[in-house]
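A.B. asks: Curious how this folds, go ahead:
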Amino acid sequence: IEKCSKAIEELLSENEDLLKAGDVDFKYWNLYLRYIDEMVNSGLLKTVAVSLGYLLDQTDPKKNPAPLFIAQMELCEPKIIYRPSLDRKIHNNFYDQMLGLIDDIFNMAKLVPRVHKRKGASTNYLDSFETHPELSSLKEQLTQRIEDVMEKANKKKATYLDYSYLWTESRKEDRKSTRL
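C.D. replies: Next comes the predicted model:
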């Protein structure tokens with residue numbers, strides 16, 4: 001994306017020289033920049049939407065996809081834990097990692113400076129993407145799926161905790177027998 005951004009800047013600079021934009025009516029050059037700006041915006045929008053769409057397709061339980069992300073359940077006496085953690089209170093948990101991935105997808109729009117720079121407007125495309133209703137909807141769907149799968153996994157973990165006496169009691173028994 002950064003390479004493409006540089007290429008766009010170079011082509012615009014070359015076109016400005018070839019068309020002698022300083023000699024051409026400023027209005028027409030501005031219309032040209034606005035046109036290119038819309039093309040870039042549209043391309044970036046598609047890139048972000050396709051990336052979010054891929055994650056949604058790969059996490060759609062109706063499609064029965066292969067696992068895309070893995071959280072391992074481990075016995076860490078006397079508890080059962082997940083790695084990465086599925087507890088939102090713990091720093092750098094699965095939810096945080098997934099939100100970081102989603103933010104990285106959106107932040108692609110920060111890598112490309114605006115072609116048509118207007119007063120008071122953002123210098124990149126991120127602001128318009130964060131408020132875009134379709135992208136917001138895709139992000140919300142994906143976030144909901146993440147929350148749902150975390151809840152489901154934590155419920156499954158709770159069923160195993162009912163049997164924790166099997167590994168905690170036997171450990172106490174082993175300690176008693178080694179002391180005698």
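
A.B. asks: Quick check: Lys157 touching Tyr82?
C.D. replies: Yes - between Lys157 and Tyr82 there is a contact at 7.3 Å, judged by C-beta atoms under 8 Å. C-beta: built from backbone N, CA, C; applies to glycine.

A.B. asks: for the chain, which residue is closest to the average position?
C.D. replies: Centrality entry for the chain: nearest residue to the mean C-alpha point is Ile102, 1.1 Å, by C-alpha atoms, centre = their mean.

A.B. asks: Which helix or strand contains the closest residue to that one other than its chain neighbours?
C.D. replies: For Ile102, ignoring the flanking residues on the chain, the nearest one in space by C-beta to C-beta, 6 or more residues apart in numbering is Lys139 at 6.0 Å. Using DSSP states H and E, Lys139 sits in helix 133-161.

A.B. asks: what packs against that helix?
C.D. replies: helix 26-58, strand 72-76, strand 79-83, helix 94-106 (3 or more C-beta pairs under 8 Å, 6 or more residues apart in numbering; DSSP states H and E).

A.B. asks: and if we set it to 10 Å?
C.D. replies: Secondary-structure packing of helix 133-161 (3 or more C-beta pairs under 10 Å, 6 or more residues apart in numbering; DSSP states H and E): helix 26-58, strand 72-76, strand 79-83, helix 94-106, helix 126-130.

A.B. asks: re earlier: which of Lys157 and Tyr82 has more neighbours?
C.D. replies: Tyr82 (19 against 15; other C-beta atoms under 10 Å).

A.B. asks: Could you pull up phi and psi at the residue nearest to that one when sequence neighbours are not counted?
C.D. replies: Using C-beta to C-beta, 6+ apart and skipping the chain neighbours, the partner closest in space to Tyr82 is Ala71 (4.6 Å). Dihedral pair for Ala71: phi -120, psi 120, per degrees, to the nearest 10.

A.B. asks: No further questions, thank you.
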